[in-house]
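> Sequence plus the predicted model coming up.
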Amino acid sequence: MLINFFFFLKFFLIKKTFSYCDEIIFFNIIKYLKLNNFEIIKNRNVINLLLLKKKKTIFISHLDIVNQGYIKWIKYPFSCICYKKKIFCRGITDMKGGFCCFFFLSKNNNFILTNDEENLSIYGTQYIVNILKKRKKIFSLFYGGEPTSKKIIGDNLKISRRGSYNFLLIFIGKQKHCAYIGKNIINFSLKKIFYIKNLIFDKKEIFEINNIFSISKMDNLTPINFFIKINYRFFFYKNIIFFKKKIFNYCKKNFNYFKWIFSGIPFYCYKNFFLKKIFNSIFIIQKIFPKINFLGGTSDLRYCYYFYNKSNFFELGLLNNTIHKVNENSFFDDLYILYIIYIYFNNGIK
């Protein structure tokens with residue numbers, strides 16, 4: 001069993017499945033898994049694999065991964081070699097390892113597999129769930145294998161997600177020579193950004209500067225424009241509304257500009273019928289009860305909530321301490337434990 005599981009895992013890990021990867025990879029997966037009654041839905045460069053059976057539960061997963069980076073890895077990032085009881089591979093935690101545990105379980109379960117989650121995420125899960133809604137398909141549970149665990153498999157479970165907003169602040173000043181005294185728009189804007197950060201109501205919410213840049217490329221010249229990109233993770237709609245108003249009033253007073261892009265709504269699955277079953281499945285294997293966690297990024301389950309907000313949702317996956325990092329890895333034992341938990345859970349909902 002373990003040897004079969006290892007070779008099954010290796011088939012997926014050795015493939016370079018970046019966003020908008022080749023259609024041939026999906027056909028290889030179909031051939032390897034020997035799937036029947038599947039459906040491939042292609043829109044622009046995005047390919048989605050959909051398998052629907054008579055069950056009312058559906059697994060949400062993605063095949064695409066992020067770039068391996070420019071720093072040398074301990075092992076080649078697209079191999080399946082055990083080193084110190086770990087498998088080092090790009091995408092093993094997010095989320096090839098998760099859906100391999102699910103696929104090895106059975107080929108008779110509903111699932112969506114897309115190659116557009118790490119990128120724009122427009123024609124992937126969002127597009128497919130919209131199609132399922134128009135076809136009047138009913139599902140009682142959407143679940144996924146995104147990495148949720150912190151220290152051991154199953155210690156954290158997610159049934160909710162924070163909302164996400166992206167802001168672009170534009171500071172406008174005067175161009176000048178560096179050798180002469182005058183107002184530097186960069187120094188001015190960096191001081192003001194700390195004032196904006198203090199506008200946050202809830203200190204548990206995250207305000208992260210993810211990019212700072214200007215158009216000027218001259219060494220002896222201060223720029224006329226300066227741009228700061230901010231990502232803001234919030235819990236409640238009222239917080240983001242008040243935050244936007246305060247930024248607007250501040251920018252209007254100081255003759256600055258800003259624009260925002262809404263990238264994900266917050267949601268919380270209050271009445272979750274399947275929580276008891278997954279709690280029991282984890283307790284049987286790990287002898288612990290998981291904590292319900294709502295931290296982390298926004299996964300594709302948010303699109304399921306948009307169209308099926310009366311359904312149940314949860315995410316359970318591998319350890320998230322190396323997700324998207326150089327030398328991303330997972331213990332082989334953790335993969336097998338997650339597979340066993342999925343078995344107990346699926347046997348409990350038949």
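Sure, I can see it.

> Which residue ranges of the chain form helices?
Taking DSSP state H as the test, the helices found in the chain are 2-13, 23-33, 97-105, 125-134, 185-197, 237-253, 275-286, 301-307, 332-348.

> Okay, now stretch 106-123: how far is its last residue from its first?
27 Å (C-alpha to C-alpha, to the nearest Å).

> most centrally placed residue in the protein?
For the chain, residue 299 is the residue whose C-alpha lies nearest the centre (C-alpha atoms, centre = their mean; 4.1 Å).

> Test for you: state the pLDDT assigned to the closest residue to residue 82 other than its chain neighbours.
Excluding the flanking residues, the one nearest residue 82 by C-beta to C-beta, 6 or more residues apart in numbering is residue 332, at 6.0 Å. The way it works is simple: take the backbone N, C-alpha and C, and place the C-beta from them, glycine included. Here, the pLDDT recorded for residue 332 equals 92.

> What number of residues are in the vicinity of residue 3?
By the criterion of other C-beta atoms under 10 Å, residue 3 has 7 neighbours.

> same question, residue 123
Neighbours of residue 123 using other C-beta under 10 Å come to 21.

> cool, the one 10 residues further on as well?
Look at residue 133: counted by other C-beta under 10 Å, it has 15 neighbours.

> ok now do it, which residues does it touch?
When contacts are counted by C-beta atoms under 8 Å, 6 or more residues apart in numbering, residue 133 touches 307, 308.

> For residue 305, see how far away it is.
From residue 133 across to residue 305, the span is 12 Å (C-beta to C-beta, to the nearest Å).

> Strands of the stretch 101-250 of the chain, start to end?
Using DSSP state E, counting those that start in this stretch, the strands of the stretch 101-250 of the chain run over 110-114, 141-144, 156-158, 160-161, 163-172, 176-177, 206-213, 221-222, 225-234.

> Return the list of helices and strands in contact with the fourth one.
Just to be clear, that refers to strand 160-161. Using 3 or more C-beta pairs under 8 Å, 6 or more residues apart in numbering; DSSP states H and E as the contact test, the elements touching strand 160-161 are strand 267-268.

> Parallel or antiparallel, which strands does the strand it packs on pair with?
Sheet pairing of strand 267-268 (DSSP bridges) gives strand 160-161 (antiparallel).

> ok so, going back, determine which of the strands of the stretch 101-250 of the chain approaches residue 264 most closely.
strand 163-172 (4.1 Å; C-beta to C-beta).

> residues in contact with that closest one?
185, 188-189, 192-193, 196, 224-235, 237, 240, 247, 251, 255-266, 297-298.

> same check, this time on stretch 240-250
By C-beta under 8 Å, 6+ apart, the surrounding residues in contact with stretch 240-250 are 163, 165, 167, 169, 195-196, 199-201, 232, 234, 256, 258, 260.

> Is it possible to mark the buried ones in those residues?
163, 165, 167, 169, 196, 200, 232, 234, 256, 258, 260 (16 or more other C-beta atoms under 10 Å).

> which of the contacts of stretch 240-250 sit farthest apart?
163 and 256 (24.2 Å).

> Would you mind giving the contacts of stretch 240-250 as JSON lines with pLDDT added?
Shown next, in JSON lines, are the contacts of stretch 240-250 (pLDDT from 0 to 100):
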{"residue": "163", "pLDDT": "82"}
{"residue": "165", "pLDDT": "84"}
{"residue": "167", "pLDDT": "86"}
{"residue": "169", "pLDDT": "85"}
{"residue": "195", "pLDDT": "76"}
{"residue": "196", "pLDDT": "77"}
{"residue": "199", "pLDDT": "72"}
{"residue": "200", "pLDDT": "70"}
{"residue": "201", "pLDDT": "61"}
{"residue": "232", "pLDDT": "85"}
{"residue": "234", "pLDDT": "83"}
{"residue": "256", "pLDDT": "76"}
{"residue": "258", "pLDDT": "80"}
{"residue": "260", "pLDDT": "82"}
